[in-house]
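# got a predicted structure plus its sequence, pasted below:
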Amino acid sequence: MKIGVFICHCGTNIEGTVDTAAVAEASREFPGVVFATDTMYACSEPGQDGIIEAIKEHRLDGVVVASCTPRMHEPTFRRTLERAGLNRYLFEMANIREHVSWVGKDREANTNKASDLVRMAAAKLLKNRPLFSKQFPVNKSVMVVGGGVAGIQAALDCANGGLKVVLVEKETTIGGKMAKLDKTFPTVDCSSCVLGPLMVDVAQHPNITLHAYSEIKEVNGYVGNFEIQIKKKASYVNWDLCTGCGLCIEKCPSRKATDFFNEKLATTKAINIPFPQAIPKKAKIDPEFCMKIQKDKCGVCAKVCPSEAIDFTQQDEIITENVGAVVAATGYDLFDWTVYGEYGGGKYPDVITSLQYERMLSASGPSEGHIKRPSDGKEPKNVVFIQCVGSRDKSVGRPYCSGFCCMYTAKQSILTKDHLPDSQSHVFYMDIRSPGKMYDEFTRRAMEEYGANYIRGRVSMIYPKGDKLVVRGADTLMGAQVEIDADLVVLAVGVESSVGATDLAKKLRISYDNYGFYMEGHPKLKPVETNTAGVYLAGACQGPKDIPASVAQGSAAASKVLGLFSQDMLASDPQVSVVDIKRCIGCGKCIQTCPFGAIKEIDFRGMKKAEVIETICQGCGICTATCPQGAVQLQHFTDNQILAEVNAVCRF
Amino acid sequence: MPILEGKELRIVGFLCNWCSYGGADTAGVGRFKQPTDLRVIKVPCSGRIDPLFIVKTLMSGADGVLVSGCHPRDCHYTEGNFYARRRLEMLKRFLPIMGIDAKRFEYTWVSASEGQRWQEVVTKFTEQIHELGPAPKIAGADAEETLKLMEAAL
């Protein structure tokens, strides 16, 4: 192999502390190198043209560029090689900027180190082989997991773009957390008036198939060709027949079922529809409270149902959907605030969560929009809001900021004044974080126009006194202790990743952080992609997000899916593992260790062998390090290639 | 060019592409000054690292080997660093049996955003190797024999 080496000055970035001419001089002695030069800006147009010219003039078979990190310009130079007619994998990069010139000041040591890195790159390049990607067809349909506002937006954008969409929602209705809200900040417009039409669009869209009350059971396949098993949970009502008339709910005698939609503020019937605008508007029986299912008595719903939809024997059902991409939009859950003993730890009925308060404010909520104390039903005068409950608190394992609690607290204090003009809101806060459009103005209005009393400090304890609660805390701006007799305390509860999010992540083979939030492909440049090709993220499953951000991300994920599906064929990354069938002893260790299920057992002339499914392999090389025979080799990072680098640096 | 006599020792770093290589880049972007001894070999994942690479590197005359991957649970490939952790922990216990000072090998976790941490890791490890001094060389015929065995094993 004839190798050409190009040492980049990067202006003074490299040349400032590395003698590039000396590195080029030294490179000429390295095995395989027939041409070496230093160049001002290798990545610029003249720089790239220089490389192409040298390839042609010196009939080079491979190129080493010593410049910045390969994370920056490896794709650039690979394209340069292709333009010169070489295979893109006959290229190696030595990182002499981030790893040398920018971290060391000693010119002699830097020059020496840069030469070593070039030597290593050239040694590896000698072992490189041309690699070619393969083409495979794509199934142009997408699954959206989670029917909150982010999932709805992603589903509608994809469907409007002409894709077939499968929307999977674990609850009986889509809408997510937004459907539970009364008003939204900073416009104070009605949440269900904004979301409702979108939900109806989902139901009526010819391209969208909605599986409500369903969960992902298993994910197989790869980008372009996923095969996903969905568990449709038993609702004991045949939804094909149910018209959502509500007669069954009216006649059901059991009123004890927990009303999760109303955040347990009320009870509901054993057969129920969560709220009037539910999509799909279908009834579900809660088996725990149904007397027919528990004791084989009653069965009134079945008797009154005009469409004979009730089916007490219904079982969970598994269905399979084939899609080409997945958008995860599993949203968030509220932090369990009862760990806070100083706030009563769930003992005082008049200490409620923000989402419970939201239901109380909602006209379709359990109190029909009237603010009432849960303990005695009286109207509160003094309402105390406590922020950062389960946010920015290391002691409960939630050091991150939940982002939107400052805003919804301001909104709720404004709504409190609207509902009860004689009331007074007090807000205990740590900082006010309101960086969105019109957000800071909004929190100011809460203070100035609506007279909310903002107190900077933590609450040390809440205790009952008569029918009131005493909230004792610090005012750190005044440097004083404050005590407020509160009628109602609302905790601005923080956000955590939704229950079961990590299980889904494992099924989708995407990574998540310490808190269970899904990891984006790159924190800045790939905000909706994941590390698994064909899987995208939308909404609060990736981290706390308010409605505008969730909607924006839903649309962004949809645009990525539409971009992916704009091609009829996808090209696979050829940096995958291959099995040397002669060396493979069929022990199956690689199959066990592969995190992607990309290796399968095959029968080869009556012998067990392993085979890599190229389209699934992500190129991690765990199999290569596992194989006791060295039979599985990750292309472009084979044992020989890595050891060639070792040998180049350890020369004895 | 040989390594700078008396100034540098030979340290090889195996870095995963997604976190630690990025972390080393971040350290560069942040101009966090580091000793120059370390030479980095990029691998896709710390799970790609065969413990024999490290043994081979040390046997071939490296004075120290540093492995760095993504923090546990942050792996780009979901669980590669768990495999790495198990293998490298085992290796660390075997090194003395092979006559290699276990202090010449360390593994650590550095994420792509932890430039400062990378600077600290490199500086500390380099100091540790300088304290140990150059690795004792395997003498004469023995050396060739051992290296041949190593080649055969890989």
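Happy to help now that I have it. Residues are numbered from 1 along each chain as shown, chains lettered A, B, ... in the order given.
# read off the pLDDT value for B:Glu144.
You'll see B:Glu144 listed with a pLDDT of 72.
# quick check: it vs A:Phe91, distance?
According to CB to CB, to the nearest Å, B:Glu144 and A:Phe91 sit 34 Å apart. Backbone N, C-alpha and C define where each C-beta goes, glycine included.
# looking at the two now, which is surrounded by more residues?
For B:Glu144 versus A:Phe91, the count of surrounding residues by other CB atoms under 10 Å in any protein chain shown is larger for A:Phe91: 23 against 10.
# wouldn't the more buried one be in contact with A:Phe77 here?
Yes - contact criterion CB atoms under 8 Å: A:Phe91 and A:Phe77 qualify, at 5.8 Å.
# shared neighbours of those two, anything?
A:Val63, A:Val65 (CB atoms under 8 Å, 6 or more residues apart in numbering or on different chains).
# show me where pLDDT drops low in the chain?
If you meant another chain, say so; for now it's chain A. Along chain A, the model assigns pLDDT under 70 to residues A:651-652.
# that answer is for a different chain, and I need it for chain B
In chain B (pLDDT under 70), the answer is B:1-5, B:138-143, B:150-151, B:153-154.
# would you map the strands across chain B?
B:11-16, B:38-43, B:64-69, B:105-109 (DSSP state E).
# columns distance to chain A and mean neighbour count on top of those, output as a markdown table?
Formatted as a markdown table, the strands of chain B follow (distance: least, CB to the nearest CB, whole Å; neighbours: other CB atoms under 10 Å in any protein chain shown):
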| stretch | distance to chain A | mean neighbour count |
| --- | --- | --- |
| strand B:11-16 | 6 | 27 |
| strand B:38-43 | 5 | 24 |
| strand B:64-69 | 9 | 28 |
| strand B:105-109 | 12 | 21 |
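# okay, those in JSON lines with distance to B:His76 next?
Formatted as JSON lines, the strands of chain B follow (distance: least, CB to CB, whole Å):
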{"stretch": "strand B:11-16", "distance to B:His76": "8"}
{"stretch": "strand B:38-43", "distance to B:His76": "12"}
{"stretch": "strand B:64-69", "distance to B:His76": "10"}
{"stretch": "strand B:105-109", "distance to B:His76": "13"}
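# closest one to A:Glu263 among those?
strand B:105-109 (39.7 Å; CB to CB).
# residues in contact with the closest one?
B:19-20, B:46, B:54, B:58, B:64-72, B:74, B:81, B:84-85, B:88, B:91-92, B:95, B:121, B:125, B:128.
# dump that strand to CSV, restricted to CA.
Only the C-alpha atoms of strand B:105-109 are listed here, as CSV (Å, rounded to 0.1, in the frame of the first residue of the first chain):
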residue,chain,number,x,y,z
PHE,B,105,-2.8,-0.3,34.3
GLU,B,106,-5.9,1.7,35.2
TYR,B,107,-9.4,1.9,33.8
THR,B,108,-11.8,4.8,34.3
TRP,B,109,-15.0,6.5,33.0
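# state the three-state secondary structure for the closest residue to chain B within chain A.
Going by CB to the nearest CB, chain B is nearest to A:Glu98 of chain A, at 2.9 Å. Using DSSP: H, G, I helix; E, B strand; the rest coil, the structure places A:Glu98 in helix.
# do A:Ile585 as well
coil.
# same check on A:Ile152?
A:Ile152 - assigned by three-state DSSP - is helix.
# for it, give me its contacts.
Here A:Ile152 is in contact with A:Leu167, A:Ile174, A:Gly175, A:Gly176, A:Leu195, A:Leu198, A:Met199, A:Val202, A:Gly554 (CB under 8 Å, 6+ apart).
# in the longest helix seen in chain B, what counts as buried?
In chain B, taking DSSP state H as the definition, the longest helix is helix B:115-132. In terms of neighbour count (16 or more other CB atoms under 10 Å in any protein chain shown), helix B:115-132 has its buried residues at B:Gly115, B:Arg117, B:Trp118, B:Gln119, B:Glu120, B:Val121, B:Val122, B:Phe125, B:Thr126, B:Ile129, B:His130.
# of those residues, list those near chain A.
Residues of the buried residues of helix B:115-132 in contact with chain A (CB under 8 Å from any CB of the partner chain): B:Gln119.
# which of the buried residues of helix B:115-132 sits closest to A:Asp286?
Of the buried residues of helix B:115-132, the one sitting nearest to A:Asp286 (CB to CB) turns out to be B:Arg117, at 50.4 Å.
# surely the closest one is in contact with B:Val110?
Yes - counting by CB under 8 Å, B:Arg117 sits close enough to B:Val110 to count as a contact (5.3 Å).
# ok, the spatially closest residue to A:Arg398 that is not a sequence neighbour - contacts?
Once flanking residues are discounted, A:Arg398 sits nearest to A:Gly390: 5.1 Å by CB to CB, 6 or more residues apart in numbering or on different chains. Contact partners of A:Gly390, counting by CB under 8 Å, 6+ apart, are A:Leu334, A:Phe335, A:Asp336, A:Trp337, A:Tyr340, A:Val396, A:Arg398, A:Ser402, A:Val493, A:Gly494, A:Val495, A:Glu496.
# let's see that with 10 Å instead.
A:334-337, A:339-340, A:353, A:396-398, A:402, A:405, A:491-496 (CB atoms under 10 Å, 6 or more residues apart in numbering or on different chains).
# okay, and which of these map to helices?
Those of the contacts of A:Gly390 lying in helices (DSSP H): A:Cys405.
# so which of the contacts of A:Gly390 sit within strands?
Going by DSSP E, the strands hold A:Leu334, A:Thr353, A:Leu491, A:Ala492, A:Val493, A:Val495, A:Glu496 from the contacts of A:Gly390.
# so the fourth one sits against A:Ser354, correct?
Spelled out, that is A:Ala492. Yes - if you go by CB atoms under 10 Å, A:Ala492 and A:Ser354 touch, sitting 5.2 Å apart.
# any residues in contact with both of those two?
Joint contacts of A:Ala492 and A:Ser354 (CB under 10 Å, 6+ apart) are A:Trp337, A:Phe385, A:Ile386, A:Gln387, A:Val389, A:Cys405, A:Tyr408, A:Thr409, A:Gln412.
# OK, contacts around the closest residue to A:Cys388 other than its chain neighbours?
Counting by CB to CB, 6+ apart, A:Met430 is the residue found nearest to A:Cys388 once chain neighbours are left out, at 5.1 Å. Contact analysis of A:Met430 by CB under 10 Å, 6+ apart lists A:Gln387, A:Cys388, A:Ser391, A:Arg392, A:Asp393, A:Cys401, A:Cys406, A:Arg456, A:Gly457, A:Arg458, A:Thr476.
# ok, A:Ser254 next?
A:267-272, A:285-286, A:288-292, A:294, A:298, A:300-301.
# sec struct for it, please.
Taking three-state DSSP, the label given to A:Ser254 is coil.
# quickly note the distance from it to A:Pro274.
Taking CB to CB, one finds A:Ser254 at 16 Å from A:Pro274.
# can you check A:Val396 too?
30 Å.
# output stretch B:120-127 as CSV, nothing but the C-alphas.
The C-alpha trace of stretch B:120-127 is given here as CSV (Å, rounded to 0.1, in the frame of the first residue of the first chain):
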residue,chain,number,x,y,z
GLU,B,120,-7.1,15.1,35.9
VAL,B,121,-7.2,11.5,34.9
VAL,B,122,-4.3,11.8,32.4
THR,B,123,-2.2,14.0,34.8
LYS,B,124,-2.7,11.7,37.7
PHE,B,125,-2.1,8.5,35.8
THR,B,126,1.0,9.9,34.1
GLU,B,127,2.4,11.0,37.5
